[in-house]
Each structure stands twice: as C-alpha cells, then as structure tokens.
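Q: Okay, sequence plus prediction incoming.
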Amino acid sequence: MAEVHVKICGLSTEATLDAALDAGADLVGFVHFPKSPRHVSLEKGRGLAGRARGRAQRVVLLVDPDDVLLAAVAETLDPDWIQLHGKESPQRVAEIRARTRRPVLKAVGVAAAADLVALPDYAEVADRLLLDAKPPPGADLPGGNGRSFDWDILRGVVLPAGTMLSGGLDAENVGTALSRTGLAAVDVSSGVEIRPGEKDPARITAFVAAARRRA
Ligand SMILES: O=C(O)c1ccccc1NCC(=O)[C@H](O)[C@H](O)COP(=O)(O)O
C-alpha cells in the first residue's frame, strides 16, 4: 500500500516548520491571506520556503489571487505548488497554472454530494485536488476552520490520483478518515494547533505518525 502523503498547512515559524520537516511531512504550506491567523508576508514566506527547500514540497496558499500577487509570489517564494483556496473557476486555475508555470493544488469545498459535481472540470486543469469542508455561511476564512465534512459522501466516487483529504483532521481521526475514504493524501492545519495560528510541534509529529499508520 502506497505511503500516505502528508501536508502540514499554515506554518509560520521556523521552529514549527522544522518540526514538520523533521516529522517527515511531504508538503508544507504557507498561507498568504491577511485575514488568516496563519498569514505570512512574502518576505517571511521567502525565508520559510527557502528553509524547506529540498526537504519537502513547498506550497503557497492563496485566495483568488490577482496577476500582480501571483508574479510576486512566484518571484519571492519560488514555491513548488500554488494552492488556490478561493472561488477560482476552472478557467482561472488554468490561467494561473500557465502564467506561473507552477503546479496547482485546487481546493474544492465539500458539504454535500452535489459539491462533487465540480470535480471533473477542476481535475482537467489542476494538478491535484484538495477536498476541504465547505466554510460555514459568513465564515471569515475559506479554509482552516477545523471543520470536517461527511467522508461517506466520497463512498463510491472515483477521484483523481493524489486527491488530498482536508478539513477537521487530527491525529485521532486521520486513520479513520483514510480508511473510510480510501484516499492516500491528507492535509491539516487546526488539528495540529494549540490555538488558531499557533502550531504545536508535538501535535505535528503525532499527526504525521498517525497518518502513516492509517487506521
Ligand atoms: O489555514 C488558513 O488559515 C486558511 C485561510 C484561508 C484559506 C485557506 C486556509 N487554509 C487552507 C488549508 O489548506 C487548510 O489546511 C485546510 O483548510 C484544512 O484546515 P483545518 O480544517 O484547519 O485542518
């Protein structure tokens, strides 16, 4: 059985980035979205992304970025992936991928089976999909809310290889989530934090170990 791919998202300090790298995370995510408690400036992101180079795939997380920001992010952080967590259309995803010449991880919000209808169009243009719990109405953040969706919605659904499961995961439930969905890649933010924006090295280590154990 292929090893589970683990992404730790919303890293904003050298110490917690090092914890994720030492734990063996495959991808590390840096949020550039000022409303987020995990937001990092482009300069801070440059330092973190540089620190992780060669040790994990570096993902910069953007929400409905314009072309000016995209150019600045590509130049400053030189990310391995761009994660799009906003309302980007499939056409915009294709544009961003072409413009930045970086692989794109497109987040799709899931609350009900109807939300899966959009997946084939995004799968056509994005390099990977990330299935996250749809934010509650009026939420400040499009992601990073520590909420999960009903994983049984995915039962019997054929998903592209590499599709990541996200939303409300932690060391306690990630094994069950992997077993129930059959996916082989997970992403976490809140579930490895002491409080919003403050990652806990011990929880990061525990999450990676639990994901690798599966259920
Ligand atoms: O993490 C954030 O603060 C964030 C802000 C704006 C857009 C997306 C954001 N996070 C995206 C992620 O990839 C999270 O890891 C994902 O939504 C899961 O979050 P959580 O449920 O807290 O584990």
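A: That came through fine. Numbers count the residues shown, from 1 in each chain.
Q: residues from this protein in reach of the ligand?
A: Near the ligand, the residues belonging to the chain are 9-10, 29, 31, 33, 36, 38, 61, 63, 85, 132, 141-147, 166-169, 187-191 when assessed by C-beta under 6 Å from any ligand atom. To be clear about C-beta, it is placed using only N, CA and C from the backbone, and glycine gets the same treatment.
Q: Tell me where the protein has strands.
A: 5-8, 27-31, 57-62, 81-84, 104-110, 128-133, 164-166, 185-188, 193-195, 198-199 (DSSP state E).
Q: which residues touch the first one?
A: Identification of contacts with strand 5-8 by C-beta atoms under 8 Å, 6 or more residues apart in numbering yields 20, 23-29, 59, 162, 164, 184-189, 192, 199, 204, 207-208, 211-212.
Q: Select only the buried ones of these in PyMOL?
A: This is the PyMOL syntax for the buried subset of those, where burial follows 16 or more other C-beta atoms under 10 Å:
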select buried, resi 20+23+25+26+27+28+29+59+164+184+185+186+187+188+189+192+199+204+207+208+211
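Q: so where's this structure uncertain?
A: Low-confidence segments of the chain (pLDDT under 70): 1, 215.
Q: For the ligand, what's the nearest residue on it?
A: Here the chain gets closest to the ligand at one residue, residue 144, 2.3 Å apart by C-beta to the nearest ligand atom.
Q: Is that residue in contact with residue 35, as I believe?
A: No. Judged on C-beta atoms under 8 Å, residue 144 makes no contact with residue 35 at a distance of 10.0 Å.
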